[in-house]
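Undergrad: Okay, sequence plus prediction incoming.
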Amino acid sequence: MRQRLIRIVTFIGGLYFFLRFVLPGDINGFQFARYNHEITNGFRAIGALTFGLGLINILLVHGSRLLFRRKGWFTSAALLFGLAFMLTVTIGEWLASARAAADADRLVMLREFAARIVADEKAGDSDPPYATRVALLLKNATLEVERVDQAARRENPAGDSAVMRGLRTELHAKINGLRGGLETISAGTAGPEALLPLAQQLSDVAATYRGILIEQHRAAVVSKLYTLLSDGLFMALGTAMFSLLAFYIASAAYRAFRIKSAESALMMTTALIVMLGQIPFGLWLWDGFPDVRMWLLTTPSTAARRAIEIGAAVAGLIMAFRMWFSVETQSFSRGER
Amino acid sequence: MAVEHATLGILVLTLCMLLPVWVGIRRTRQGHQLFVRRIKAVDAVDEACGRAAEMGRPVSFSSGLTGISPVLYACLGVLFHVAKKAATFRSKLLVPQNDAQVLAVTEDVVRDAYRESGRLSSFDPKQIQFLSDEQFAFAAGYMGLVQRERIGSAFLLGNFAAESLMLAEAGQQMGAMQIAGTVNPEQVPFFICTCDYTMIGEELFGASAYLTREPVQLGSLYGQDRAKLMWLVLILAGTLVATWNSMGEVLGWPVIPNLEQLIIWKAW
């Protein structure tokens, strides 16, 4: 039953993607791929569920090695410590940045509220009444401005950077402007045209406040730790690994350039011509080397490359059809489960 | 120039490629014997498993950066065979992974192989190790694993990128017998230089059929070769038409519609 269900789901999934590929975007007004975004996201969500499998596997393999003090337990301990530390710092950084974004978004929501009031008034929508909504906007904007002013005044104990000082001065000026704007507007008499500058002022304050929050976030310990681990360690280690490639290429090239047969002699000669066509020394020897090099790369090399690609693409397509019709699964699980 | 694919021409072309596969599978299921040419790298799979067993060292099988795709299924066919051999010879099999989705599928395939060999009790899920989904962290993990476990034979089949040479050199330094196979043309020279045997492009897809002699796989290999023949004919016809048309511009010959126009025939 389980096998049959898997085959049915696989067939329906394959059928959808096949038809999406060969059918036109619009068939007499019917759009076959209308819900493609949702369907693709669904598949992604299912794929994301397997993320935990990787984590469980690491815990299982290295946890048991550490627990039973098997050979290499110390490296497993280092790995698990690194995993836990990186996970904690990443979650902390994510939460802090989400909090900062949500903080600034409150001002943006007020700006959107002001714009909505104006739009509704122009469209003649008066439920709830215009004056009530304006009063609510003014009350919340006043409260929010005071909150932002207080929050932005909190200084970094280690001292502010020049950027931060500039942002604080800018925010202070904008808040004063917004306060002035709020005082001139009265809920009972202000027309929609008076709300538009207010919306703009809210937007300006939000942008500067967001800048301050970003600066505060950057100065926070969790953010600095994350940058240290990610940019300072993880990326640096990745780059170090990549740089090893140069040495491995030299070692592989040495093996490739040993002439053991007619084929390796041909490969050696071709490689030599390509190298001479690339460097100034080759040009000094004979100015025809770059042309020969280009011909070798664009004609025989491209032809061979395309032959590999076409062969692999046809084979891949046929394999995909075998998977679609669940013919392939029979090859792996012939035995009784 | 990209070809518009939502056309009747593409649909017909796709079905034309499928027809020989269907015929091939039918013929093999009816008992017809199909000839598969020898591929040295595939012949060496059993030798590599046996060598590791003789040396008392583990076998490693990596599908590199392959995600869930047809290439992975081609690799799984070989993994199934290698895992069966490892189970039979009681060799330790290590399958380092960089994709959690592939990890789940791989574990199932290796378990099936151990079950089919009658040694399910020897199967340990910890044989399939998730290293990292980051390319070079995975490469570093693989290199460490090969050195620590003193791998006797290594299989590197699937999609690879810049890390291919690092993985292959790690095995080379340990003196392991290495069999590689990839559909990425850029990585083929690295494998040829470093590994004992290399499957190039579609040979990887044929490997499983060659090893298992399964009717489905043999039949589709037969169909796949016919489909490629069709492409060869199309390429030759297209070249002739393009040559005719370019000469016709000078000599005033009538213009023949090129194949691309036929394929993108918008009948919808």
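TA: Happy to help now that I have it. Numbering: from 1, shown residues only, chains lettered A, B, ... in the order given.

Undergrad: Please count neighbours and contacts with C-alpha atoms only from this point.
TA: OK.

Undergrad: Would you mind listing what in the stretch 151-268 of chain B touches chain A?
TA: Contact residues, the stretch 151-268 of chain B versus chain A (CA under 8 Å from any CA of the partner chain): B:162-163, B:165-166, B:169, B:183-185, B:190, B:193-194, B:200-202, B:205, B:214, B:216-217, B:220, B:224, B:227-228, B:268.

Undergrad: Now, those that are in helices?
TA: Residues of these located in helices (DSSP state H): B:165-166, B:169, B:190, B:193-194, B:205, B:216-217, B:220, B:224, B:227-228.

Undergrad: of these, closest to A:Ala152?
TA: Taking CA to CA as the measure, A:Ala152 lies nearest B:Met166 of those, at 50.9 Å.

Undergrad: Quick check: the gap between the closest one and A:Ala271.
TA: Taking CA to CA, to the nearest Å as the measure, B:Met166 and A:Ala271 are separated by 21 Å.

Undergrad: Who has more neighbours out of these two?
TA: B:Met166 (24 against 17; other CA atoms under 10 Å in any protein chain shown).

Undergrad: wait, doesn't the more buried one sit right on A:Ala246?
TA: No. B:Met166 is beyond contact range of A:Ala246, at 10.1 Å (criterion: CA atoms under 8 Å).

Undergrad: In chain B, which residue sits nearest chain A?
TA: When scored by CA to the nearest CA, chain B has B:Ala6 as its residue closest to chain A, at 4.1 Å.

Undergrad: In terms of helices and strands, where is residue 52?
TA: As the question left the chain open, I've gone with chain A. Here A:Gly52, judged by DSSP states H and E, is contained in helix A:51-67.

Undergrad: Please refer instead to chain B.
TA: helix B:40-55.

Undergrad: name the helices or strands packed onto that helix?
TA: helix B:70-89, strand B:153-159, strand B:177-182, strand B:197-200, helix B:203-212 (3 or more CA pairs under 8 Å, 6 or more residues apart in numbering or on different chains; DSSP states H and E).

Undergrad: okay, these in a markdown table with mean neighbour count and mean pLDDT next?
TA: Formatted as a markdown table, the helices and strands packed on helix B:40-55 follow (neighbours: other CA atoms under 10 Å in any protein chain shown; pLDDT from 0 to 100):
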| stretch | mean neighbour count | mean pLDDT |
| --- | --- | --- |
| helix B:70-89 | 23 | 93 |
| strand B:153-159 | 27 | 96 |
| strand B:177-182 | 27 | 95 |
| strand B:197-200 | 24 | 93 |
| helix B:203-212 | 23 | 87 |
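
Undergrad: now these in a markdown table, with distance to B:Ala140?
TA: Below are the helices and strands packed on helix B:40-55 laid out as a markdown table (distance: least, CA to CA, whole Å):
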| stretch | distance to B:Ala140 |
| --- | --- |
| helix B:70-89 | 22 |
| strand B:153-159 | 15 |
| strand B:177-182 | 18 |
| strand B:197-200 | 22 |
| helix B:203-212 | 25 |
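
Undergrad: mind checking which helix or strand B:Leu94 is in?
TA: Applying DSSP H and E, one finds B:Leu94 within strand B:93-97.

Undergrad: Now do that strand against helix A:51-67, angle only.
TA: Here strand B:93-97 points in a direction 130 degrees away from that of helix A:51-67 (axes from the mean of the first three to the mean of the last three CA atoms, to 10 degrees).

Undergrad: Give the next helix or strand downstream of the helix holding A:Gly52.
TA: According to DSSP H and E, the helix or strand after helix A:51-67 is helix A:73-123.

Undergrad: Off-centre distance for that next one?
TA: Centroid separation for helix A:73-123 versus its chain: 15 Å, with CA atoms, centre = their mean, to the nearest Å.

Undergrad: Report all helices and strands that that helix contacts.
TA: helix A:51-67, helix A:130-153, helix A:192-219, helix A:221-227.

Undergrad: Show me what counts as buried in the last one.
TA: Looking back up the chat, that one is helix A:221-227. Buried residues in helix A:221-227, defined by neighbour count with 16 or more other CA atoms under 10 Å in any protein chain shown: A:222-223, A:225-227.

Undergrad: just how off-centre is the helix or strand that that helix is followed by within its chain?
TA: For helix A:221-227, the following helix or strand on the C-terminal side (DSSP H and E) is helix A:235-256. Centroid displacement of helix A:235-256 relative to its chain, using CA atoms, centre = their mean, is 28 Å.

Undergrad: Which residues does helix A:235-256 contact?
TA: A:264, A:268, B:136-137, B:140, B:162-163, B:165-166, B:169, B:190, B:193-194 (CA atoms under 8 Å, 6 or more residues apart in numbering or on different chains).

Undergrad: after it comes which helix or strand?
TA: Helix A:235-256 is succeeded, C-terminally, by helix A:262-278 (DSSP H and E).

Undergrad: Can that following helix be said to contact chain B?
TA: No. Helix A:262-278 is not in contact with chain B by CA under 8 Å from any CA; minimum separation 10.5 Å.

Undergrad: low pLDDT regions in chain B?
TA: For chain B, applying pLDDT under 70 flags the ranges B:1-4, B:262-268.

Undergrad: Would you point out which residue is most central in it?
TA: The residue lying closest to the centre of chain B (CA atoms, centre = their mean) is B:Leu204, at 3.1 Å.

Undergrad: And it, how close does it get to B:Pro70?
TA: For B:Leu204, the distance to B:Pro70 equals 11 Å [CA to CA].

Undergrad: cool, and B:His32?
TA: Separation of B:His32 from B:Pro70 (CA to CA): 26 Å.

Undergrad: and what of A:Glu121?
TA: From A:Glu121 over to B:Pro70 (counting by CA to CA), the distance is 58 Å.

Undergrad: just B:Met166 next, same as before
TA: 25 Å.

Undergrad: domains for chain A, by residue range?
TA: Recorded structural domains for chain A (assignment: automatic domain parsing) are A:38-71, A:89-219, A:261-332.

Undergrad: Now mean pLDDT too, for those, in TSV please.
TA: What follows is these, written out as TSV (pLDDT from 0 to 100):
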stretch	mean pLDDT
domain A:38-71	88
domain A:89-219	83
domain A:261-332	87
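
Undergrad: any chance of these in JSON lines, with distance to B:Ile10 too?
TA: Output for the domains of chain A, formatted as JSON lines (distance: least, CA to CA, whole Å):
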{"stretch": "domain A:38-71", "distance to B:Ile10": "23"}
{"stretch": "domain A:89-219", "distance to B:Ile10": "46"}
{"stretch": "domain A:261-332", "distance to B:Ile10": "13"}
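
Undergrad: who wins for proximity to A:Gly14 among these?
TA: Comparison of the domains of chain A against A:Gly14 by CA to CA identifies domain A:261-332 as nearest, at 5.5 Å.

Undergrad: ok, residue 216 - how many residues close by?
TA: Went with chain A since none was named. Other residues close to A:Gln216 by other CA under 10 Å number 18.

Undergrad: hmm, I had chain B in mind actually
TA: 23.

Undergrad: Which positions in the stretch 101-250 of chain A make contact with chain B?
TA: Checking the stretch 101-250 of chain A against chain B by CA under 8 Å from any CA, the hits are A:238, A:241-242, A:244-245, A:248-249.

Undergrad: Now render those residues as TSV, adding distance to A:Gln150.
TA: Shown next, in TSV, are those (distance: CA to CA, whole Å):
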residue	distance to A:Gln150
A:Gly238	43
A:Met241	48
A:Phe242	48
A:Leu244	52
A:Leu245	54
A:Tyr248	58
A:Ile249	59
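
Undergrad: So among those residues, which ones count as buried?
TA: By 16+ other CA under 10 Å, these give A:238, A:241-242, A:245, A:248-249 as buried.

Undergrad: Please identify which pair of the residues you listed lies farthest apart.
TA: The widest separation within those (CA to CA) is 17.4 Å, between A:Gly238 and A:Ile249.

Undergrad: do the strand holding B:Leu94 and chain A meet?
TA: No. Residues of strand B:93-97 contacting chain A under CA under 8 Å from any CA: none, with a closest distance of 9.0 Å.
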